[in-house]
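In: have a look at this fold, sequence not included:
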Ligand code: KIV
């Protein structure tokens, strides 16, 4: 197995993501929501850390990403930023903080940047949020767009099934991707769409396309807890598990319980 180590320790910027696409270097991206995990994946060499609103599901145990608040996203963003030296850190704008109007959108984005010190924000949607996108960009805040399966719209979609399989939805996605690039977005996340459509978007756009369940792209993103195998209940086809931390943690905790119950812990060397 060859281990990729970044050729230098230079901070990843949105400009460097575009350069990476130009020279054909794939972009690696994972979520993180806290100091410890962010520090581990940054040291491992990840290019982009997404403080995703999936924290609503993964950390807070909500069924959807909708309930997480701006204050909570800022809390996670600040925790991650304290640990990260190299990766580009992107904070998701939570549901309800940018869809209403562009004035509220720019105020929410400014709060994220001012209070977390993150590098970039991510938001979901195309034409319907374009005014907000433009206003945030004009405030000097870089944006990563998110199209395809956009979990903040789950109540409209009704299911987490693959999006844009039909021609009409695929056409709108392609148009939205162009609108976001023309507005000045730095990259796009495409979630759960046919691989063929991802390839077309990637070929037509200059900015990098980062896929999740979207086939080959300029980069890939996964939810950290899912790829580490911490969550046994979520097994979509696109998820590759790189560890079985659920089993490792369960066994460690069971060994600890056993040692405490049998008075094997602490031993003489583990006390003062
Ligand atoms: O919130 C999140 O984790 C995301 C990824 C699934 C892309 O938006």
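Out: On my side now, so go ahead. Since the structure is predicted, the reported quantities are computational estimates derived from the model, not experimental observations. Numbering: from 1, shown residues only.
In: burial check on residue 253, number of neighbours?
Out: Look at residue 253: counted by other CB atoms under 10 Å, it has 10 neighbours. The way it works is simple: take the backbone N, C-alpha and C, and place the C-beta from them, glycine included.
In: on the three-state scheme, it is what?
Out: Of the three states, residue 253 takes helix according to DSSP: H, G, I helix; E, B strand; the rest coil.
In: same thing with residue 60?
Out: Once three-state DSSP is applied, residue 60 turns out coil.
In: show me this protein divided up by domain.
Out: Structurally, the chain divides into domains by automatic domain parsing as follows: 14-241, 245-272.
In: deepest in the core, which of those domains is it.
Out: domain 14-241 (a mean of 19; mean count of other CB atoms under 10 Å).
In: spit out the contact partners of residue 239.
Out: 222, 226-227 (CB atoms under 8 Å, 6 or more residues apart in numbering).
In: sorry, back to before: out of the domains of the chain, which gets nearest to the ligand?
Out: Nearest to the ligand, of all the domains of the chain, is domain 14-241, at 2.5 Å by CB to the nearest ligand atom.
In: anything in that closest one near the ligand?
Out: Yes: residues of domain 14-241 are located near the ligand by CB under 6 Å from any ligand atom, namely 31, 50, 52-54, 92, 189, 191, 212, 221, 223.
In: so of those residues, which ones are in strands?
Out: 31, 50, 92, 189, 191, 212, 221 (DSSP state E).
In: residue 144 - that's part of a strand, no?
Out: Yes: residue state for residue 144 (three-state DSSP) corresponds to a strand.
In: show me the beta-bridge partners of the nearest residue to it once chain neighbours are set aside.
Out: Spatial nearest neighbour of residue 144, excluding adjacent residues (CB to CB, 6 or more residues apart in numbering): residue 122 at 4.3 Å. Per DSSP bridges, the residues bridged to residue 122 are residue 92, residue 144.
In: all strands for the stretch 151-272 of the chain, in order.
Out: Using DSSP state E, counting those that start in this stretch, the strands of the stretch 151-272 of the chain run over 187-191, 209-212, 219-222.
In: pretty sure the residue nearest to residue 144 sits against residue 49.
Out: No: using CB atoms under 8 Å as the test, residue 122 is too far from residue 49 to be in contact (11.4 Å).
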